[in-house]
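# 3D model of this:
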Amino acid sequence: MSELPLQSTQPMLEAVNLTKRYEDGVLALDRVSFQVRAGEIFAMLGGNGAGKTTTINLFLNFIEPTEGEARINGIVTHLEPLKAKEQIAFVSENVMLYANFTAIQNLDFFARLGGQTHYTRDDYHNVLLRVGLAKEAHHKRLRGYSKGMRQKCGIAIAILKNAPAILLDEPTSGLDPKAGHDFIELLASLRAEGKAILMSTHDIFRAKEIADSVAIMNDGKIIMQRPAAALVDTDLEQLYMQYMAGRSSELVG
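The predicted model follows:
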């Protein structure tokens, strides 16, 4: 009997003492460390200015760290940015797509831009249906789309890239309750495919529902980090408010 290959223990996404201090002296991120392995979802909770988007921007090499490293599949993002970006797909809160293109045209453009020339029209239709975009919208120009519909189109583009890691910045922003529920199911399916997913969100309830690990950020630090299994019987909203009010002395990660 042949032996099964050993699963890699290397995290797909890793922050190592990740720090960002801007030229004006503002400390946006302060020694943040965490890991996300293949088939895991890591949710970062926190208010505006907590450091969530800064963390994502460091993984994307939109900015460079002052200290520490962001690693994607072992690749240090600010040292090998192009190589690192091959390993990752990104969906922002405000998806930037071409308003005069249809959904199909946007998917085709961005797929080809990323070197994916093998996709067919049926592939585009199928992935748009997978993310919950009704078929009658596939050939409509995006200038008539709602924010939620544009978000779905952006997620479809990320799926087509077929990268092992996905970064999501406020992915449920602009989604109605049904679309939000469908999105959680989509995340579960992507996790089952082995994707490593890093998600920043204000949505406490959906974070608890779907994430494997949850971190609370404030003032550029992770002030709480726990596996979701340890939060099953916890009122996460109340816990979040306690940490934001500074009523807990725990510091994890």
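# now stretch 125-140: buried residues?
Buried residues in stretch 125-140, counted by 16 or more other Cβ atoms under 10 Å: 125, 127-128, 131-133, 137-138. Any C-beta I mention is one placed from the backbone N, CA and C, and that applies to glycine too.
# in the helix or strand of the chain at the bottom of the mean pLDDT ranking, what's buried?
For the chain, using mean pLDDT, DSSP states H and E, the weakest element among its helices and strands is helix 236-244, scoring a mean of 81. Neighbour-count burial for helix 236-244 flags 236, 239-240, 243-244 (criterion: 16+ other Cβ under 10 Å).
# turn those into JSON lines, columns for distance to C153.
Formatted as JSON lines, these follow (distance: Cβ to Cβ, whole Å):
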{"residue": "L236", "distance to C153": "30"}
{"residue": "L239", "distance to C153": "35"}
{"residue": "Y240", "distance to C153": "31"}
{"residue": "Y243", "distance to C153": "35"}
{"residue": "M244", "distance to C153": "34"}
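# now, which of those sits nearest E93?
Y240 (19.6 Å; Cβ to Cβ).
# can you pull the contacts of that closest one?
Neighbouring residues of Y240 by Cβ atoms under 8 Å, 6 or more residues apart in numbering: 45, 204, 216.
# could you flag which of these are buried?
Buried among the contacts of Y240 (16+ other Cβ under 10 Å): 45, 204, 216.
# measure I155 to V232 for me?
Applying Cβ to Cβ, to the nearest Å, the value for I155 to V232 is 27 Å.
# the two - which one has more neighbours?
Taking neighbours as other Cβ atoms under 10 Å, I155 and V232 compare with I155 leading, 26 against 8.
# ok, that one - contacts?
Per Cβ under 8 Å, 6+ apart, neighbours of I155: 91, 131, 171, 183, 186.
# can you rerun that using 10 Å?
I155 sits next to 89, 91, 95, 127-128, 130-133, 166, 168, 171, 183, 186-187, 190 when contact means Cβ atoms under 10 Å, 6 or more residues apart in numbering.
# what of V32?
Residues near V32 by Cβ under 10 Å, 6+ apart: 15-20, 44, 51, 54-55, 58, 65, 68, 70, 215, 217, 220-222, 225, 253.
# now do the SS call for it.
strand (DSSP: H, G, I helix; E, B strand; the rest coil).
# so in terms of bridging, what pairs with it?
Per DSSP bridges, residues listed as beta-bridge partners of V32: L18.
# where do the strands sit along the stretch 151-253 of the chain?
Listed from the start of the chain, the stretch 151-253 of the chain has strands (DSSP state E, counting those that start in this stretch) covering 165-169, 196-201, 213-218, 221-227.
# can you tell which of these is closest to N100?
Proximity to N100 (Cβ to Cβ) singles out strand 165-169 among these, at 24.6 Å.
# what's the most buried one of the strands of the stretch 151-253 of the chain?
Of those, the one with the most neighbours on average (mean count of other Cβ atoms under 10 Å) is strand 196-201, at a mean of 25.
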